[in-house]
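A.B. asks: Fold the following.
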Amino acid sequence: MPRVTFLPDDVSAEVAEGDTILDASKACGAPEGDACGGNCACSTCHVHVLEGIENLSEMQDDEADRLDMAFDVRPSSRLGCQARLVGKGDVVVEITQESRDAYYNEHPTERRAG
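C.D. replies: Purely as a prediction, here's the structure:
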């Protein structure tokens, strides 16, 4: 099974092929935002793919349109709710500050605990 590692927290999860980066973040407790519930209606699950981009699904137009709303968009940017694992290889992502802020705004108890 593919493994997704989240930086800077250095936590990871093995997920089934076809699962999303967002699924992996929930599996290991990585602080990735998902204000819309993973429906490609916001950009709070924005990540930068550092390694293994070839192991992810191709970006569709609706994802590209949503990324236009995000901050610090790079060629390696993906929305965690849309990027599906398509290979058995590993993926390493950096959760953007925007996504981390959204996560802690959605989970204030965890923000206070940190």
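A.B. asks: can you tell me how far K26 sits from V86?
C.D. replies: Counting by CB to CB, to the nearest Å, the gap between K26 and V86 amounts to 19 Å. No exception for glycine: its C-beta is placed from N, CA and C like everyone else's.
A.B. asks: The two: which is more packed in?
C.D. replies: K26 (17 against 14; other CB atoms under 10 Å).
A.B. asks: Could you say which helix or strand holds that one?
C.D. replies: helix 21-28 (DSSP states H and E).
A.B. asks: Give me the sheet partners of the helix or strand following that helix and which way each runs.
C.D. replies: Note on helix 21-28: by DSSP H and E, the next helix or strand toward the C-terminus is strand 46-51. Next to strand 46-51 in the sheet, as set by DSSP bridges, lie strand 77-79 (antiparallel), strand 91-95 (antiparallel).
A.B. asks: how about these in JSON lines, adding mean pLDDT, distance to S57 and mean neighbour count?
C.D. replies: As requested, these are exported to JSON lines (pLDDT from 0 to 100; distance: least, CB to CB, whole Å; neighbours: other CB atoms under 10 Å):
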{"stretch": "strand 77-79", "mean pLDDT": "98", "distance to S57": "9", "mean neighbour count": "23"}
{"stretch": "strand 91-95", "mean pLDDT": "98", "distance to S57": "11", "mean neighbour count": "23"}
